[in-house]
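Participant: Just the structure for this:
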Amino acid sequence: YLLSFFGRVNYSFDQKLLVTATLRADGSSRFAPENQWGYFPSVAVGYKLSEESFLKNIESLSNLKLRLSYGQTGQQDIGGYHPYLATYTVSQDQARYQFGSDWVNMYRPNGYDPNIKWETTTTYNIGLDYGFFNNRVSGTIDVYKRYTSDLLNNIAVPAGSNFTNLIQTNIGNMKGKGMEFGLNVIPVKTKDLEWTFSGNFTYSMSEITKLNIIDREDSYVKTGSVSRNDFQINKVGELPNTFFLLHQAYDDNGKPLDGKYIGKDGSVTT
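Facilitator: Numbering: from 1, shown residues only. So this is what the prediction gives:
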């Protein structure tokens, strides 16, 4: 089950200063009762520069607003429904145990983490809304930074410390940054026809900064495999879901060599 509440307050001062504050409360049955609820605040401040006297007399300027925001969101998509509970699985017929002349199926315990909780992402944003010529030309510019903590991660655990060798738990951090540009132009506007041209550009970069209690150079988490080969991984210092592959090798004419690749030492390998 998922259950969410949120409250919001909007405040405007002199049609120039705009403030919005929000508090979300999200509950998930995937976590233990003491960790089921996550509380995620956000606040945004907008300042309409175009309402100031030193800009109000510029006829070509329709809108100019500076925005600052901070907010948190939660994530509970962890694959299982009850990762905090001690559960059991009935063994397959190939793994039965013999008592006398009878073969019986066994119950084996599954791994679990009673302290698993919400993953949290915190975002800081600065933006600018603009409009010119009665908003015939308008758009937005945004720059943001994002930090994720308590990453929901599937990691290896020491033998004997749990009922499995892989456990879903909160460990790991990630950071990201990016920028977005939006442009909206109305080149034709008559009583019978309006033509709008819109476009946007986004640049985004993320980097995993922690994945395990001890992060070694050769450690990673599998996220995609083909024929037992780990073709996609999460690794510290890399983008999430990085393709873990060798580069294709080419001949002198720029044609790919079938089954030939560039190794880490620069040599051609199969």
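Participant: And residue 270, how far from residue 94?
Facilitator: According to C-beta to C-beta, to the nearest Å, residue 270 and residue 94 sit 37 Å apart. The way it works is simple: take the backbone N, C-alpha and C, and place the C-beta from them, glycine included.
Participant: ignore the last one, residue 73
Facilitator: Distance from residue 73 to residue 94, by C-beta to C-beta: 44 Å.
Participant: and if you look at residue 254?
Facilitator: For residue 254, the distance to residue 94 - C-beta to C-beta - is 52 Å.
Participant: for residue 167, same thing?
Facilitator: Separation of residue 167 from residue 94 (C-beta to C-beta) stands at 25 Å.
Participant: More neighbours: which of these two?
Facilitator: More crowded of residue 167 and residue 94, by other C-beta atoms under 10 Å: residue 167, with 20 against 5.
Participant: For that one, list each beta-bridge partner.
Facilitator: residue 155 (DSSP bridges).
Participant: again, but for residue 229
Facilitator: residue 226.
Participant: For it, report the pLDDT, please.
Facilitator: On pLDDT, residue 229 comes in at 80.
Participant: same deal with residue 160?
Facilitator: Looking at residue 160, its pLDDT is 86.
Participant: One more: residue 79?
Facilitator: On the pLDDT scale, residue 79 is placed at 69.
Participant: Repeat that for residue 165.
Facilitator: Model confidence at residue 165 (pLDDT) stands at 88.
Participant: The stretch 101-250 of the chain: strands as residue ranges?
Facilitator: Assigned by DSSP state E, counting those that start in this stretch, the strands in the stretch 101-250 of the chain fall at 102-104, 107-109, 119-132, 137-149, 152-156, 166-170, 173-189, 194-210, 221-226, 229-234, 242-243, 247-250.
Participant: how about JSON lines for those strands, with distance to residue 65 added?
Facilitator: Listed next are the strands of the stretch 101-250 of the chain as JSON lines, based on distance: least, C-beta to C-beta, whole Å:
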{"stretch": "strand 102-104", "distance to residue 65": "71"}
{"stretch": "strand 107-109", "distance to residue 65": "57"}
{"stretch": "strand 119-132", "distance to residue 65": "4"}
{"stretch": "strand 137-149", "distance to residue 65": "9"}
{"stretch": "strand 152-156", "distance to residue 65": "36"}
{"stretch": "strand 166-170", "distance to residue 65": "38"}
{"stretch": "strand 173-189", "distance to residue 65": "14"}
{"stretch": "strand 194-210", "distance to residue 65": "18"}
{"stretch": "strand 221-226", "distance to residue 65": "40"}
{"stretch": "strand 229-234", "distance to residue 65": "38"}
{"stretch": "strand 242-243", "distance to residue 65": "38"}
{"stretch": "strand 247-250", "distance to residue 65": "46"}
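Participant: Relative to residue 48, which of those strands is closest?
Facilitator: strand 119-132 (8.9 Å; C-beta to C-beta).
Participant: Any idea what residue 97 is bridged to?
Facilitator: residue 104.
Participant: Work out the gap between stretch 180-196 and the centre of the chain.
Facilitator: Distance of stretch 180-196 from the chain centroid (C-alpha atoms, centre = their mean, to the nearest Å) equals 33 Å.
Participant: Pull out the buried residues from it.
Facilitator: 180, 182, 184, 186 (16 or more other C-beta atoms under 10 Å).
Participant: nearest to residue 129, of the residues you listed?
Facilitator: residue 182 (9.3 Å).
Participant: check contacts around that closest one.
Facilitator: 139, 140, 141, 198, 199, 200 (C-beta atoms under 8 Å, 6 or more residues apart in numbering).
Participant: can you pull up the bridge partners for it?
Facilitator: With DSSP bridges as the criterion, residue 182 is bridged to residue 140, residue 200.
Participant: shift numbering so it begins at 10
Facilitator: Sure thing, new numbering starts at 10, so read that last one as residue 191.
Participant: What separation do you get for it and residue 125?
Facilitator: With C-beta to C-beta as the criterion, residue 191 and residue 125 are 38 Å apart.
Participant: Nothing else from me, thank you.
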